[in-house]
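J.: quick one: sequence plus predicted model below, questions after.
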Amino acid sequence: MGSSTTTRNFGIRRFTNLVREARYRAPSGTALRLGTGVELDPSSTSDPQAVRQIAAGKGALGGGGLDHHKVGILWYEHDSQSYEGAAAGTLLQDYDTAPPGRMVQMLSGPGVKVWFRNTEASTTEPGLNFPNDRGEVIMVADLGHHGSKDLAVGDLLAWDPANNYWAKTAVPAEAILRVTHVDHDLGVCDAEMLV
């Protein structure tokens, strides 16, 4: 980790066919985690560039199918301005959400390979000048310490808006990713984009 393409829980492994659609606006309010499944927001009449987390229905787990041209994975590249007022010891990987209301990118492209990592709640080294506690982060269901731990190579993934993570689907029409590597000990999986 340590490049502009990684956080603690999401990154890009292969850029083949990567489409980084830029100039979309993140929702105001709650910050979305990088690696979240996003879609154009059809309810935003004032801002045609607005994106939102993939909502229930078409494009989501259990929705039965998706519009391949309107979904992707959220990305935002933090720069040196992200560090203004940051506590000592803060790393780029600590910035794992997109600032609300800022312009973001939607990643897509068949063949693009990404990775996800589930992390358990933990306490960092005492005495550092930032919060010691890190909450649990679940990026993919049934991976590592989460759920049934039966995620396997070849599984198809759709966005689960009820739980805010990627989850297995048996419906190819709603799949956005296909799992290509799993390491339950590290809580990491690689997945190739289908859209």
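T.: Received the coordinates, thanks.

J.: residues contacting the closest residue to residue 139 other than its chain neighbours?
T.: Sequence neighbours aside, residue 116 is the residue nearest to residue 139 in space, at 3.9 Å (criterion: Cβ to Cβ, 6 or more residues apart in numbering). No exception for glycine: its C-beta is placed from N, CA and C like everyone else's. Residue 116 makes contacts with 9, 10, 35, 139, 140, 143, 166, 188, 189, 191, as judged by Cβ atoms under 8 Å, 6 or more residues apart in numbering.

J.: who does residue 116 bridge with?
T.: residue 10, residue 189 (DSSP bridges).

J.: hang on, the earlier thing: closest to residue 107 out of the contacts of residue 116?
T.: Of all the contacts of residue 116, residue 35 has the smallest distance to residue 107: 9.2 Å, by Cβ to Cβ.

J.: hmm, that closest one is touching residue 12, no?
T.: No: the pair residue 35 / residue 12 is not scored as a contact, 9.9 Å apart, by Cβ atoms under 8 Å.

J.: of the two, who's got more company?
T.: Taking other Cβ atoms under 10 Å, residue 35 and residue 12 do not tie; residue 35 has more neighbours (25 against 20).

J.: remind me which residues of the chain are low pLDDT?
T.: Along the chain, segments meeting pLDDT under 70 span 1-5, 57-59, 62-69, 78-94, 123-132.

J.: how about the contacts made by the residue positioned nearest the centre of the chain?
T.: For the chain, the residue lying nearest the average C-alpha position, counting by Cα atoms, centre = their mean, turns out to be residue 35 (1.2 Å). Contact partners of residue 35, counting by Cβ under 8 Å, 6+ apart, are 7, 9, 10, 73, 74, 114, 116, 139.
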